[in-house]
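Undergrad: Sequence and predicted structure, then a few things I'm wondering about:
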Amino acid sequence: MGTSSIYVIVAIVSLAIIFIFTFLISPGKRRSKLTPLASIAFVLIIAGIFLSEKDAIGYGIFAIGIVFAVIDIIQKARKKE
């Protein structure tokens with residue numbers, strides 16, 4: 001098992017732990033829906049993780065996903081003001 005495979009496994013386990021804490025431990029709290037931009041960012045980040053063996057492609061897709069996530073956070077912050 002290569003180093004990149006270990007990184008992918010760690011990323012999947014981390015996402016599973018976040019899912020457990022978010023949805024199963026605190027089910028009564030009100031959650032906002034996932035926006036289309038946030039869902040695109042999530043998909044791009046996951047794709048970047050899986051394509052990390054090809055450095056330029058994987059990290060590029062990962063970076064684009066992070067940029068989309070930051071844009072979504074800024075848009076949500078402006079709506080609250």
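TA: Sure thing, it's come through.
Undergrad: contacts, neighbours, all on C-alpha from now
TA: Fine.
Undergrad: need the longest helix for this structure.
TA: Counting by DSSP state H, the longest helix found in the chain is helix 55-80.
Undergrad: Show me what it packs onto, helices and strands only.
TA: Counting contacts by 3 or more C-alpha pairs under 8 Å, 6 or more residues apart in numbering; DSSP states H and E, helix 55-80 packs against helix 36-50.
Undergrad: The helix it packs on: which residues count as buried?
TA: Along helix 36-50, the positions that meet the burial threshold by neighbour count (16 or more other C-alpha atoms under 10 Å) are 37-38, 40-42, 44-50.
Undergrad: Repeat that for stretch 57-76.
TA: Applying a neighbour-count criterion of 16+ other C-alpha under 10 Å, one finds 58-66, 68-69, 72 buried in stretch 57-76.
Undergrad: Let me know the closest of the residues you listed to residue 80.
TA: Set against residue 80, the nearest of the buried residues of stretch 57-76 by C-alpha to C-alpha is residue 72 (12.7 Å).
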